[in-house]
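Asks: predicted model follows, preceded by the sequence.
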Amino acid sequence: MCGLKFEKETGFFWSAMYISYGINVAIGVTIGIGLNIFFDEVSLNTYLYSILGAVLLLSTLIFRYSRMIALHFVSGYKYDPQYDKLDNKA
């Protein structure tokens, strides 16, 4: 036994939630600015439906990538290329 704990860190789900929120805000701001630049007069409903549609369509990717990013932040494990060389010799 190597003593490695296979448990998620305490703040993992909280950090993933905040990262997901940040990604959703970035998508909303990007779509809002894009609509404002490319169209003359845009109604509030157009902003709302466009942003909600994009967030709903991308929700599975946002969910997965926010957890992946959070895992890199809270995990103490780092990539070491020397282990790849050991695996290839076996």
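Replies: Happy to help now that I have it.
Asks: how far does stretch 35-43 sit from the chain's center?
Replies: 28 Å (CA atoms, centre = their mean, to the nearest Å).
Asks: now do the end-to-end distance for that stretch.
Replies: Stretch 35-43 has an end-to-end distance of 10 Å (criterion: CA to CA, to the nearest Å).
Asks: so what pLDDT did Glu7 get?
Replies: pLDDT for Glu7: 69.
Asks: which stretches of the protein form helices?
Replies: With DSSP state H as the criterion, the chain has helices at 12-38, 44-57, 59-74, 82-89.
Asks: show me the shaky parts of the chain.
Replies: Along the chain, segments meeting pLDDT under 70 span 1-9, 76-79, 83-90.
Asks: go again with 90.
Replies: Low-confidence segments of the chain (pLDDT under 90): 1-15, 40, 67-68, 70-90.
Asks: if we can go back for a sec, include mean neighbour count when you put the helices of the chain into a markdown table, please.
Replies: Where C-beta positions appear, they are placed from N, C-alpha and C, glycine not excepted. Formatted as a markdown table, the helices of the chain follow (neighbours: other CB atoms under 10 Å):
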| stretch | mean neighbour count |
| --- | --- |
| helix 12-38 | 14 |
| helix 44-57 | 12 |
| helix 59-74 | 14 |
| helix 82-89 | 8 |
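Asks: and the residue nearest to Asn24 when sequence neighbours are not counted, how far from Pro81?
Replies: Nearest non-adjacent residue to Asn24, counting by CB to CB, 6 or more residues apart in numbering: Val55, 5.5 Å away. For Val55, the distance to Pro81 equals 37 Å [CB to CB, to the nearest Å].
Asks: show the contacting residues for the residue most central in space within the chain.
Replies: In the chain, the centroid-proximal residue (CA atoms, centre = their mean) is Ser66; its distance is 2.7 Å. By CB atoms under 8 Å, 6 or more residues apart in numbering, the contact list for Ser66 reads 16-17, 19-20, 23.
Asks: list just the nearest of those to Phe73.
Replies: Lowest distance from Phe73 to the contacts of Ser66 (CB to CB) belongs to Ile19, with 8.1 Å.
Asks: for that closest one, which non-adjacent residue is closest in space?
Replies: In space, and not counting its chain neighbours, Ile19 is closest to Ser66: 4.2 Å by CB to CB, 6+ apart.
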